[in-house]
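>>> This is the structure alone, sequence omitted:
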């Protein structure tokens, strides 16, 4: 695939940490929570605090999916586990963390807007991103990018079946369709398994649960060092 190709393609984009920064906000929220737990004098290490939050996250993903509100619920559950006798100060701090997290805008990553503007003139753009739909649509609206996307889907999980449903519902030709994202687990491997092609754009703060070895798929996977290079490829 090169810039000389003229056939319109279906370019499917992940959102969080592909179009805009996201996980860094969760990392900062955890830092604040861990500091609050330490200040509460519970004698717990950062590793123990992180493990409690992770256990709560994994439980809540099954029932509430991904997003900022489920993460705050995870902090409350972790606090209840770590301080079973109760600690009002810790609860108050989680409320403060939550207010800050929920009101934060997601900054677009470098070159995203001009690149999408250029690509949208030649190809069909779709968004396929995990997270609570209202939250993701709000972030998309604030970004100013919404008019560029022909379709926006927010599945509970981005697994092989989810990609196959997208191919069917959006009437996509897999041979002319690329999934573009930063997550091997959700963006690259399942898209390839569903018969699509993929572009991997690493992000330094990709959530650790999205890390995974990328399956060998030959020339069906392209790895780029920057978002702007998409205009060279497509």
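Noted; the coordinates are in hand. Note that the structure is predicted; figures quoted are calculated from it, not measured.
>>> In contact with residue 128: list those residues for me.
Contact analysis of residue 128 by C-beta atoms under 8 Å, 6 or more residues apart in numbering lists 12-14, 153, 155, 158, 163, 166, 179. Bear in mind the C-beta positions are built from the backbone N, C-alpha and C, glycine included.
>>> Looking at the residues you listed, spot the one nearest residue 231.
If you rank the contacts of residue 128 by distance to residue 231 using C-beta to C-beta, residue 13 comes first, at 13.8 Å.
>>> need the contacts of residue 128 in CSV with neighbour count, can you?
Conversion of those to CSV gives the following (neighbours: other C-beta atoms under 10 Å):
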residue, neighbour count
12, 29
13, 27
14, 24
153, 18
155, 18
158, 25
163, 26
166, 23
179, 28
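>>> Out of those, which sit inside strands?
If you go by DSSP state E, those have 12-13, 153, 179 in strands.
>>> ok, residue 106 touching residue 24?
No: at 9.4 Å, residue 106 does not count as touching residue 24 under the criterion of C-beta atoms under 8 Å.
>>> which residues touch the helix or strand hosting residue 99?
Residue 99 belongs to helix 88-103 when assigned by DSSP states H and E. Helix 88-103 has contacts (C-beta under 8 Å, 6+ apart) with 25-26, 29, 32-33, 36-37, 39-40, 68-69, 71-72, 75-76, 79, 83.
>>> When residue 106 and residue 24 are compared, which one has more neighbours?
Each of residue 106 and residue 24 has its neighbours counted (other C-beta atoms under 10 Å); residue 106 has more, 20 against 15.
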